[in-house]
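*Asks:* What follows is a predicted structure for the sequence shown.
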Amino acid sequence: GGGGGGGGGQAKQHEEGVTPRSEDFGKWYLDVLRTAELADYGPVRGTMVIRPYGYAIWEQVQSWLDREFKRTGHQNCYFPQLIPYSFIEKESSHVEGFSPELALVTKGGGKDLEEPLVMRPTSETMVNHMFSQWVKSYRDLPLLVNQWCNVTRWEMRTRPFVRTLEFLWQEGHTAHATAQEAEEETVRMIRMYEEFAVKMAAMPVVTGRKSRIESFAGADCTYTIEAMMGDKRALQAGTSHNLGQNFAKAFDIRYLDQDGDLKHVYQTSWGVSTRMVGGVIMSHGDDKGLKIPPHLAPIQVVILPIGKKEEQLKAVNAVAENVREALEESGIRCKIDDTAGKTPGWKFNYWEMKGVPVRIEIGARDLETNSCVVARRDRPGKEGKTFGVSVEPESVTSHVTAALEDIHEAMLAEATAFRDENIVDVSSYEELKEVVEEGKWARGYWAGSDDQENQIKEDTGATLRCFPFDQPEGSGGKCFMTQTDAKEVAIFAKSY
């Protein structure tokens with residue numbers, strides 16, 4: 001596919017090339033996964049192999065979340081992957097919601113099993129089986145655990161990172177003495193996901209409550225962060241569920257309170273998965289390929305020594321090594337690309353496609369002035385370049401640190417502006433249909449029934465993404481569908 005304007009005759013395409021995003025978003029996404037070496041298809045349909053570069057982005061997601069979970073009193077543990085089928089059946093809406101996507105193990109060691117085992121689609125049932133043994137008194141509460149693991153859901157339509165048969169995630173599970181504590185925890189965790197999305201992934205999200213239809217099977221209430229992808233589709237990037245006492249009653253999790261009364265606990269569960277990596281790719285990429293937000297980038301700075309003669313190369317390589325040391329000492333993740341046999345232009349294109357936020361060029365001429373060129377991935381051409389940056393450790397480090405922060409802010413601002421100009425307020429069903437047809441998000445007052453919500457999905461392909469926490473001023477308005485009084489606005493959009 002031809003490059004999206006600009007760039008002159010310079011290598012428009014990397015060896016295999018990336019379909020321009022503006023031409024075909026779906027193909028662009030798959031091209032980027034392949035060319036940037038993020039992921040590959042597994043031999044079983046619907047599975048994926050996460051390659052080191054893709055996994056390194058996931059590790060950045062993990063390390064931030066893991067630190068925050070621990071800071072807020074949660075402990076990591078691990079529960080078995082195989083769950084007795086009878087566990088899944090204990091909570092009626094849970095089995096109903098998950099049975100179509102279960103993978104069952106029916107044989108073990110060459111023999112038929114007495115009871116089929118389920119590859120965990122999520123661990124509420126297993127966790128609650130254990131909680132019922134661990135929780136006896138009010139002194140055992142709150143119980144706050146998390147696990148990092150894989151889950152299996154037999155999906156029909158798959159897309160790497162976004163929806164696969166098996167994916168990686170964290171799932172938090174908590175038990176509390178009161179309904180209020182459980183609700184506070186549920187909101188605290190969705191707010192933590194929101195903070196991650198904005199601060200780390202430069203992804204502006206709409207945080208809110210799911211409708212009953214779209215809520216987790218077995219939850220009283222589900223909160224979500226919804227992100228707008230580059231093709232304007234919504235991606236549910238993290239969820240937090242208030243489970244009330246549904247599982248506590250199904251698994252008989254009771255504790256003795258201070259007055260000696262037996263009471264059921266109140267619970268929550270919450271999770272973010274490798275889908276977040278797909279969200280980062282689809283939020284920020286462009287025609288050239290990936291654009292990784294600085295805080296998540298496995299390589300934040302790539303250093304390119306440039307020289308034709310042996311002598312020159314020796315000298316620029318030495319300077320490059322000093323710059324790398326200085327940057328790494330201040331906690332910046334960087335790499336020197338001194339591979340032979342590739343032109344500087346080829347390398348520029350390659351690292352742009354890989355989405356590295358900052359490139360440092362050190363050529364023979366720069367040595368004379370003891371300086372380097374710093375180029376930003378988010379601003380193409382001359383505009384994104386700063387010439388004559390001193391290579392002294394202190395100045396190069398402070399320049400790059402400031403550039404990375406600035407790139408994060410610029411990416412967040414760009415994504416926020418894109419999102420806001422593509423959310424349209426509607427006051428009638430006809431308006432909603434037009435907005436959805438244009439591929440945008442429709443926001444309007446909603447008091448419709450479950451059946452009417454389903455009708456919108458059938459008519460337009462859009463689902464109710466959430467009732468945002470952030471509601472307009474005033475006391476409500478007329479529902480765009482029923483024209484009756486409605487307390488809240490909801491957002492409808494096509495989604496992944």
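*Replies:* The structure has been received and is ready for your questions.

*Asks:* Make sure residue 496 is actually in contact with residue 161.
*Replies:* No: checked against Cβ atoms under 8 Å, the pair residue 496 and residue 161 is beyond contact range at 10.0 Å. The way it works is simple: take the backbone N, C-alpha and C, and place the C-beta from them, glycine included.

*Asks:* shared neighbours of those two, anything?
*Replies:* The contact sets of residue 496 and residue 161 overlap at residue 278 (Cβ atoms under 8 Å, 6 or more residues apart in numbering).

*Asks:* Okay, now the unreliable bits of the chain?
*Replies:* Within the chain, the ranges that satisfy pLDDT under 70 run 1-16.

*Asks:* Swap in 80 and give it another go.
*Replies:* 1-16, 91-99 (pLDDT under 80).

*Asks:* ok, which stretches of it are helices?
*Replies:* Counting by DSSP state H, the chain has helices at residues 25-35, 52-71, 85-89, 92-98, 124-134, 179-199, 246-250, 275-284, 310-329, 344-353, 364-368, 393-421, 429-437, 450-460.

*Asks:* Select, out of those, the one closest to residue 111.
*Replies:* Residue 111 lies closest to helix 85-89 among the helices of the chain, at 16.7 Å (Cβ to Cβ).

*Asks:* Now find how far off-centre the closest one is within its chain.
*Replies:* Relative to its parent chain, helix 85-89 has a centroid offset of 30 Å by Cα atoms, centre = their mean, to the nearest Å.

*Asks:* same for that helix, what does it pack against?
*Replies:* If you count contacts as 3 or more Cβ pairs under 8 Å, 6 or more residues apart in numbering; DSSP states H and E, helix 85-89 packs onto helix 92-98, strand 111-119, helix 124-134.

*Asks:* Of all these, which one is nearest residue 458?
*Replies:* helix 92-98 (19.7 Å).

*Asks:* how about that closest one: buried residues?
*Replies:* 94, 95, 97, 98 (16 or more other Cβ atoms under 10 Å).

*Asks:* Out of those residues, which is nearest to residue 173?
*Replies:* If you rank the buried residues of helix 92-98 by distance to residue 173 using Cβ to Cβ, residue 94 comes first, at 13.7 Å.

*Asks:* isn't that closest one right up against residue 124?
*Replies:* Yes: in this structure, residue 94 is within contact of residue 124 by Cβ under 8 Å, at 6.7 Å.

*Asks:* any common contacting residues for those two?
*Replies:* 218, 247.

*Asks:* and stretch 133-143, how far from the chain's centre?
*Replies:* Centroid separation between stretch 133-143 and its chain, computed with Cα atoms, centre = their mean, is 33 Å.

*Asks:* Now tell me what touches it from outside.
*Replies:* Outside stretch 133-143, the residues that touch it by Cβ under 8 Å, 6+ apart are 73, 131, 174-177, 181, 185, 253-258, 265.

*Asks:* and those, which are buried?
*Replies:* Among these, those classed as buried by 16+ other Cβ under 10 Å are 131, 174, 175, 176, 177, 181, 185, 253, 254, 255, 265.

*Asks:* any chance of those in JSON lines, with distance to residue 230 too?
*Replies:* Converted to JSON lines, these look like this (distance: Cβ to Cβ, whole Å):
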{"residue": "131", "distance to residue 230": "41"}
{"residue": "174", "distance to residue 230": "35"}
{"residue": "175", "distance to residue 230": "40"}
{"residue": "176", "distance to residue 230": "39"}
{"residue": "177", "distance to residue 230": "45"}
{"residue": "181", "distance to residue 230": "39"}
{"residue": "185", "distance to residue 230": "33"}
{"residue": "253", "distance to residue 230": "44"}
{"residue": "254", "distance to residue 230": "49"}
{"residue": "255", "distance to residue 230": "48"}
{"residue": "265", "distance to residue 230": "42"}
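
*Asks:* hmm, which two among these are most spread apart?
*Replies:* With Cβ to Cβ as the measure, no two of the buried ones among the contacts of stretch 133-143 lie farther apart than 185 and 254, at 19.3 Å.

*Asks:* that older thread, can you check which of the helices of the chain gets nearest to residue 229?
*Replies:* Across the helices of the chain, residue 229 has its closest neighbour in helix 275-284 (4.0 Å, Cβ to Cβ).

*Asks:* Send over that closest one as PDB, restricted to the C-alpha atoms.
*Replies:* Presented in PDB, the C-alpha positions along helix 275-284 are these (Å, rounded to 0.1, in the frame of the first residue of the first chain):
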ATOM      1  CA  ARG A 275      -6.600  -7.000  25.400                       C
ATOM      2  CA  MET A 276      -5.100  -3.700  26.900                       C
ATOM      3  CA  VAL A 277      -2.100  -4.200  24.600                       C
ATOM      4  CA  GLY A 278      -4.400  -4.400  21.600                       C
ATOM      5  CA  GLY A 279      -6.000  -1.200  22.800                       C
ATOM      6  CA  VAL A 280      -2.700   0.600  23.000                       C
ATOM      7  CA  ILE A 281      -1.900  -0.400  19.400                       C
ATOM      8  CA  MET A 282      -5.300   0.600  18.000                       C
ATOM      9  CA  SER A 283      -5.500   3.800  19.900                       C
ATOM     10  CA  HIS A 284      -2.200   5.300  18.800                       C
END
